[in-house]
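> Take this sequence and fold it.
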Amino acid sequence: MRLATLPILGNVIRNIDSDIGKIGIQKTMAKIIKNNGTKLLIINKNKELKNILKTRPVVVVANHPYEAEVLVLLASLENRKDINLIISSSFSNVTPNIDKHLIPVHIYNRQVCKKGPNIKFRLIRKIHKTKALTCEDEHKKNIDSINLASKKINKGELVVLFPSGGGVDGKWFNGIGHLINGVKNKNNAYIVKAHIQGTSNKDYLRIIPGIAKLLPKFRVNFDEAIPMKIFKDFEPKAITLSLETGYNNWIKTIEHEKRFKFQPWIRPIKGAYLLRTLLFWFIARLG
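Predicted structure coming up:
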């Protein structure tokens with residue numbers, strides 16, 4: 001079974017894929033947010049940073065606590081054809097235009113071995129079947145993916161990476177360090193930090209007309225671009241540690257918005273989680 005073949009959801013995915021082919025992935029994600037009625041606030045993306053994000057070789061790093069951060073970050077970038085996203089392999093091979101932008105990494109076994117069975121990953125695997133790999137095979141393929149990302153930067157492209165995505169303790173994975181270490185010409189390349197707020201595990205409610213206006217707006221803070229050449233003589237682990245420390249210190253300076261509190265008549269609590277589970281189960285059964 002494939003996600004793009006499911007009733008209702010499959011049609012949505014195919015429409016998104018069509019838009020990506022016509023207007024690009026950044027404009028497509030921005031269109032989804034706008035049509036959904038959610039407000040997107042972009043902070044500190046000045047003229048210089050816009051130019052870097054549009055024309056230079058760039059690695060963009062961001063937080064990823066929930067699901068919607070991928071959509072929000074892509075929508076907040078500048079429109080360019082060579083946007084690449086390092087993402088779980090569970091989302092690869094969905095549709096052709098989406099797939100052109102994805103660099104898959106394998107995190108299923110890493111999740112299972114360190115945290116035990118994960119219902120989200122099991123559900124994704126049930127709906128969108130992918131080949132099972134051993135931990136060793138996953139590691140080898142991840143090395144290939146990081147090397148591919150470095151080559152993308154060498155060609156002048158942009159790569160989006162969520163360094164703690166899929167982690168069990170919030171720590172950054174050393175893939176970011178190996179990626180940057182693999183860039184041959186660091187003199188013209190940059191690293192851009194982004195911090196996303198306003199997402200939650202209730203974002204699926206935004207598909208209901210009118211609800212998005214009651215939920216928090218999405219907010220993306222950008223920091224000044226870091227010239228990649230400063231890491232010219234760093235080892236991969238040292239690069240990772242330096243960037244992670246700098247990122248964590250930076251987000252402490254960002255004023256956090258108060259978490260939105262639902263009114264009693266729209267409070268989802270456990271009933272909404274049950275509804276979401278039943279919805280996914282029903283879609284899977286129809287497929």
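> alpha carbons only for contacts and neighbour counts from here, please
Noted.
> so where do the strands sit in the stretch 151-287 of the chain?
Using DSSP state E, counting those that start in this stretch, the strands of the stretch 151-287 of the chain run over 158-161, 190-197, 218-222, 226-227.
> Pick the most deeply packed of the ones you listed.
strand 158-161 (a mean of 24; mean count of other Cα atoms under 10 Å).
> For it, give me every contacting residue.
The contact list for strand 158-161 (Cα atoms under 8 Å, 6 or more residues apart in numbering) reads 53, 56-62, 82-87, 149, 152-153, 176.
> buried subset of the residues you listed?
Buried members of the contacts of strand 158-161, scored by 16 or more other Cα atoms under 10 Å, are 53, 56-62, 82-87, 149, 152-153, 176.
> Correct me if wrong: Asn63 contacts Phe162.
Yes. At 5.9 Å, Asn63 counts as touching Phe162 under the criterion of Cα atoms under 8 Å.
> show me where pLDDT drops low in the stretch 1-150 of the chain?
Scanning the stretch 1-150 of the chain with the threshold set as pLDDT under 70 gives 1-9, 108-132.
> show me where it has strands.
40-43, 58-62, 83-88, 102-105.
> Please identify the pairing partners of the first one and their relative orientation?
Read that as strand 40-43. strand 218-222 (parallel) (DSSP bridges).
> Would you mind getting the angle between the strand it pairs with and strand 58-62?
130 degrees (axes from the mean of the first three to the mean of the last three Cα atoms, to 10 degrees).
> Report the distance from strand 218-222 to the chain centre.
14 Å (Cα atoms, centre = their mean, to the nearest Å).
> Other residues contacting that strand?
38-45, 72-73, 76, 192-199.
> What of stretch 133-148?
Ile103, Pro104, Val105, His106, Ile107, Asn109, Arg110, Gly175, His178, Leu179, Gly182.
> what's the offset of stretch 55-72 from the middle of its chain?
Worked out by Cα atoms, centre = their mean, stretch 55-72 lies 5 Å from the chain centre.
> go on, stretch 74-85?
On Cα atoms, centre = their mean, the centre of stretch 74-85 falls 12 Å from the chain's centre.
> Can I get it in PDB, CA atoms only?
Provided in PDB are the C-alpha atoms of stretch 74-85 (Å, rounded to 0.1, in the frame of the first residue of the first chain):
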ATOM      1  CA  LEU A  74       9.900  25.000   3.600                       C
ATOM      2  CA  ALA A  75       7.200  27.700   3.300                       C
ATOM      3  CA  SER A  76       9.400  30.300   5.000                       C
ATOM      4  CA  LEU A  77      12.400  29.800   2.700                       C
ATOM      5  CA  GLU A  78      13.000  31.700  -0.600                       C
ATOM      6  CA  ASN A  79      11.700  30.000  -3.800                       C
ATOM      7  CA  ARG A  80      14.400  28.100  -5.600                       C
ATOM      8  CA  LYS A  81      14.400  24.900  -7.600                       C
ATOM      9  CA  ASP A  82      17.300  23.200  -5.700                       C
ATOM     10  CA  ILE A  83      15.800  22.800  -2.200                       C
ATOM     11  CA  ASN A  84      16.700  19.400  -0.700                       C
ATOM     12  CA  LEU A  85      15.200  18.000   2.500                       C
END
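> Let me see the residues that make contact with it.
So stretch 74-85 is contacted by 24-30, 33, 42, 50, 53-54, 101-103, 157-161, 220 (Cα under 8 Å, 6+ apart).
> at 6 Å instead, please
Gln26, Met29, Ala30, Lys54, His101, Leu102, Ile103, Glu157, Leu158, Val159, Val160 (Cα atoms under 6 Å, 6 or more residues apart in numbering).
> So which of those wins on neighbours?
Counting neighbours by other Cα atoms under 10 Å, the top entry in these is Leu158, with 28 neighbours.
> what sits opposite that one in the beta ladder?
Assigned bridge partners for Leu158, using DSSP bridges, are Val58, Ile83.
> State the distance from it to Thr38.
26 Å (Cα to Cα, to the nearest Å).
> again with Asp82
Taken as Cα to Cα, the span from Asp82 to Thr38 is 26 Å.
> tell me how far stretch 70-84 is from the chain's mean position?
With Cα atoms, centre = their mean, you get 10 Å for stretch 70-84.
> and it, how far apart are its ends?
Its start and end residues considered, stretch 70-84 measures 12 Å (Cα to Cα).
> Which positions in it come out as buried?
So, applying 16+ other Cα under 10 Å, buried residues of stretch 70-84: 70-80, 82-84.
> same thing with stretch 84-101?
84-95, 97-101.
> Please enumerate the helices of the protein.
Applying DSSP state H to the chain gives helices spanning 9-23, 25-36, 47-55, 69-76, 96-99, 108-115, 119-127, 135-154, 175-181, 236-251, 269-286.
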